[in-house]
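Structure for the following, please:
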Amino acid sequence: MRVIGCSGSFAGPSSPASSYLVTAEADGRAWNVVLDLGSGALGPLQRHVAPADLDAVFLTHLHPDHCADLCGLYVAHTYAPDGPPQRRLPVWGPRDTASRVSLMYHGLEDGGMDKVFSFGRLEDRVPIAVGPLTITPYAVNHPVEAYGFRVEADGAVLAYTGDTDSCDSLGPLMAVADLVLADSAFVDGRDDVRGIHLSASRAARAAAGAGGVQRLVLTHMPAWNDAEECRAQAEPHWPGVEVAEPEAVYDLGSPVGRGAV
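Alright, predicted model coming up:
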């Protein structure tokens, strides 16, 4: 798993907004899945995979810091000099993803993006297979329809919370994960409103309570957050907690490689 962007709510000065590239080898090739494609993410994503080589995009929810660059991906597919890919790219998201993303693209030809994307609706705890990867969405606690993703392949487990506050889904989403990417946009003592985001301490308590989690990485921090303050708030509940950085790579492919960066 490679961090493409980890800034929360909007692209920051050193990172695009939320986007994570998951790659697994099977059947003699690499399978490439993107979890979220937030504002600013498409540019750095192309350092690692060509748009035509993506196998699926999964959107946790439809706030622009998680899906805005799908418009750029549409352009890359539609107007490539050597023609669009031979198959439509699967894009999985909440209800009305196709219509809502199309509304972001002013003057969209033919009124939709269906000629290059194949849109699918996420359902709570209904798994989706993409090559060797199984991605299971879990409905989470955010003001709009939103999901976290549990990604499994060859015995390895990645859990990505998306945007959420504490909720019952976090236990099964995170349980026995090799790596948890957890929303920590809020700061204890500063952000008191509930039902939107986790704080670092709440993320750490959720990971500890889930059981069997090997590694916790805090992500989705807005540019105004102090990463060290967030880390310090999580540390009493999860010693050794880490903070996501753009371009960081986590190898979950084997017992030897898991945890390597």
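
mind listing what V34 touches?
Going by Cβ atoms under 8 Å, 6 or more residues apart in numbering, V34 touches I4, S19, Y20, L21, V22, L45, L54, A56, V57, F58. All C-beta atoms are positioned from the backbone trio N, CA, C, and that covers glycine.

Could you check how many residues crowd around the residue lying closest to the last one once chain neighbours are set aside?
Closest residue to F58 apart from its sequence neighbours, by Cβ to Cβ, 6 or more residues apart in numbering: W92 at 4.8 Å. Around W92 sit 22 other residues, with neighbours defined as other Cβ atoms under 10 Å.

Could you list which residues are in contact with W92?
A56, V57, F58, L59, F119, G120, R121, L122, I128, I135, P137.

ok, so what distance separates the first one from R121?
The span separating A56 from R121 equals 14 Å under the rule Cβ to Cβ, to the nearest Å.

so the residue nearest in space to the middle of the chain, which of the three states?
The residue lying closest to the centre of the chain (Cα atoms, centre = their mean) is L35, at 3.6 Å. Recorded secondary structure, L35: strand (DSSP: H, G, I helix; E, B strand; the rest coil).

returning to that earlier point: let's see which of the contacts of W92 end up in strands.
Counting by DSSP state E, the part of the contacts of W92 found in strands is A56, V57, F58, F119, G120, R121, I128, I135, P137.

Just list whatever residues bridge to the first one.
The residues paired with A56 through beta bridges, assigned by DSSP bridges, are V33.

Go ahead and confirm it touches R88.
No - between A56 and R88 there is no contact under Cβ atoms under 8 Å: 10.9 Å.

between these two, which one's more packed in?
Neighbours of A56 and R88, each counted by other Cβ under 10 Å, are more numerous for A56; the result is 22 against 15.

so what's that one up against?
V33, V34, L89, P90, V91, W92, V130.

so H142 sits right up against T164, yeah?
Yes - counting by Cβ under 8 Å, H142 touches T164, with 5.5 Å between them.

More neighbours: which of those two?
For H142 and T164, the more surrounded residue by other Cβ under 10 Å is T164, and the numbers stand at 30 against 22.

tell me the pLDDT at that one?
At T164, the pLDDT value in this model is 98.

what number of residues lie near V193?
A count of neighbours around V193, defined by other Cβ under 10 Å, yields 8.

what's the answer for D27, then?
8.

swap in A232?
Neighbours of A232 under the rule other Cβ under 10 Å: 13.

got a list of what S14 touches?
By Cβ under 8 Å, 6+ apart, S14 lies in contact with S7, P246.

Just the element for it, please.
Element membership for S14, per DSSP states H and E: none, as it lies in no helix or strand.

Show me what the residue nearest to F58 bridges to in the sheet.
Bridge pairing for W92 - DSSP bridges - gives F58, G120.

which element follows the longest helix along the chain toward the C-terminus?
Taking DSSP state H as the criterion, the chain has its longest helix at helix 200-210. Sequence order places strand 216-219 as the next helix or strand after helix 200-210, per DSSP H and E.

counting contacts, what elements does the worst-scoring helix or strand of the chain on mean pLDDT pack onto?
The weakest-scoring helix or strand in the chain, judged by mean pLDDT, DSSP states H and E, is helix 97-104 (a mean of 94). For helix 97-104, the packing partners by 3 or more Cβ pairs under 8 Å, 6 or more residues apart in numbering; DSSP states H and E come out as helix 64-67, helix 70-78, strand 117-121.

Check the burial of M113 by counting its neighbours.
Residues near M113, counting by other Cβ under 10 Å: 26.

Nothing else from me, thank you.
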